[in-house]
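Asker: Need coordinates for the below:
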Amino acid sequence: MAGYVERFDKGRRNQINLDSVMKIVNEKILEPDTIDEFVEAAKIFDHDNDGKIEVQELRYAMSRLGDMLEESVVDELIAELDKEKTGLVDIAEWARITFK
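Answerer: I've put the predicted structure just below:
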């Protein structure tokens, strides 16, 4: 973040203009996500902070929010992530599989 402050808020006003925001977004969109960013994003669905997400909630998020996936794709992914059919997906394992 410090790099952005030096580049876009040289006066240290804690404000940047819309053009600067768009430049940052355009730069970030070209960068691949890291495994750590993936894990942090997935934690949004880890309500009890145990490193796991309920399959039902993951299914809802993947098929109804953002870039919605088709049910068949979600079914395949969940089958891979919850092989023992515990109803839970381990975030670290999901990240490991995703970043193979």
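Asker: What pLDDT does the model give the spatially closest residue to Ile24 that is not a sequence neighbour?
Answerer: The spatially closest residue to Ile24, leaving aside those adjacent along the chain, is Tyr4, at 6.1 Å (Cβ to Cβ, 6 or more residues apart in numbering). Glycine gets a C-beta too; all of them are placed from N, C-alpha and C. The predicted structure scores Tyr4 at 76 on the pLDDT scale.
Asker: what does the one 4 residues further on give?
Answerer: Looking at Phe8, its pLDDT reads 83.
Asker: Could you find the closest non-adjacent residue to Leu88?
Answerer: If you skip the residues right next to it in sequence, Leu88 has Lys52 as its closest partner in space, 4.3 Å away by Cβ to Cβ, 6+ apart.
Asker: What values do phi and psi take at the one you found?
Answerer: Note on Lys52: backbone dihedrals following degrees, to the nearest 10 are phi -130, psi 150.
Asker: Over to Leu88?
Answerer: Taking degrees, to the nearest 10 as the convention, Leu88 sits at phi -130, psi 150.
Asker: what's the burial count for it?
Answerer: Using other Cβ atoms under 10 Å, the number of residues around Leu88 comes to 17.
Asker: For it, give its distance to Thr98.
Answerer: The span separating Leu88 from Thr98 equals 17 Å under the rule Cβ to Cβ, to the nearest Å.
Asker: now Val74
Answerer: Plainly put, Val74 is 14 Å away from Thr98 if you go by Cβ to Cβ.
Asker: ok, these two, which is more surrounded?
Answerer: In this view Val74 and Thr98 are compared by other Cβ under 10 Å, and Val74 has more residues nearby, 19 against 14.
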